[in-house]
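J.: this is a predicted model, with the sequence first.
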Amino acid sequence: MEPLELLEEAPGLPRWELPAELERLYGGPLGFDEPCLVANFVQTLDGVVAIPDVPGSNALVADGSEQDKFLMGLLRACADAIVIGSGTMLASEKGRWRPEGPHPASAELFRELRASRGRPELPEVAVVTTGGSFDPAHPLVQSGALVLTTERAAADIRAAVPPVAEVVAVNEGDAVNLAEAVAVLRGRGHRLILSEAGPHVTGELVASRLVDELFLTVSPLIAGRFADPRLSLVEGVELLPEVRVEGELRSVRRAGSHLMLRYAFPRM
């Protein structure tokens, strides 16, 4: 794989000790101020991140970029916990959300990074769900996952999942309170949380001011829109004009015609 090309980076960013080959492939150092919640997305030039009716649309949107897959794996390797929604889980029938999943060639480097930071071999994967679209037979659940749900849904989910899956009732009500879900993860010692959840969960995270950083890959494709629903980065909430959420550009990297952008958001 050709390394990412660093075009611009803000001075004074956190810097972790990365394996030398990882730092070379990333195009420089990487680190985070902890605690931190990081979201990762890839989108087309016209802002489409997913086409629900198209299987594997995430890979289509990314235009098969190996560097985007590498970046996804690298962020997973940095994370203590990865958060997804049940819809994201259903969209990946065999997904385990392991660092080496998107970029197997870097598996040993990812393991080396986690070992050097004193982290377990794999990050914990947490599924946020109210039970409606939850699949207890999914390989992720069968191999062990943390399920964050409501008091109302917890009993039914516990009865359906194997003992290796842990179910935590985060709050009462009809929806999972994401601020409380993040607090649960913090209470488990997870300082760096990576969100790979879909646009609706991301919308709630952004509106609740829970996202500290966003890694956004912009692919050179244009998806277009007509009648079918094509999702953007944030769905289900309206921000402007009443609510201003502004990112601060931290770095710009390039892989051919793909741009890898990193933004920080002020903590409330």
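T.: Perfect, thanks for sending it. Residues are numbered from 1 along each chain as shown.

J.: contacting residues around stretch 179-196?
T.: Residues lying outside stretch 179-196 but in contact with it, judged by CB atoms under 8 Å, 6 or more residues apart in numbering, are 32, 34-40, 72, 75-76, 78-84, 88, 97, 123-124, 126, 128, 148, 168, 170-171, 201-202, 205, 208, 210-211. To be clear about C-beta, it is placed using only N, CA and C from the backbone, and glycine gets the same treatment.

J.: mind listing what's buried in that stretch?
T.: 181-182, 184-185, 190, 192-196 (16 or more other CB atoms under 10 Å).

J.: try stretch 241-259
T.: Buried residues in stretch 241-259 (16+ other CB under 10 Å): 247, 250-251, 253, 255, 258-259.

J.: repeat for stretch 96-106
T.: 97-103, 106.

J.: need those in CSV with pLDDT and secondary structure, can you?
T.: Below are the buried residues of stretch 96-106 laid out as CSV (pLDDT from 0 to 100; DSSP: H, G, I helix; E, B strand; the rest coil):
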residue, pLDDT, secondary structure
97, 97, coil
98, 97, coil
99, 98, coil
100, 98, coil
101, 96, coil
102, 96, coil
103, 98, coil
106, 98, helix
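
J.: just the closest of these to residue 68, please.
T.: residue 102 (8.2 Å; CB to CB).

J.: my guess is the closest one contacts residue 67. True?
T.: No: Residue 102 sits out of contact with residue 67 when judged by CB atoms under 8 Å, with a separation of 10.8 Å.

J.: which pLDDT value goes with residue 226?
T.: Model confidence at residue 226, expressed as pLDDT, equals 89.

J.: roughly how far does it sit from residue 51?
T.: 11 Å (CB to CB, to the nearest Å).

J.: the two - which one has more neighbours?
T.: Using other CB atoms under 10 Å as the criterion, residue 226 and residue 51 rank with residue 51 on top: 19 against 5.

J.: what's the pLDDT at the residue nearest in space to the middle of the chain?
T.: For the chain, residue 196 is the residue whose C-alpha lies nearest the centre (CA atoms, centre = their mean; 2.3 Å). Looking at residue 196, its pLDDT is 98.
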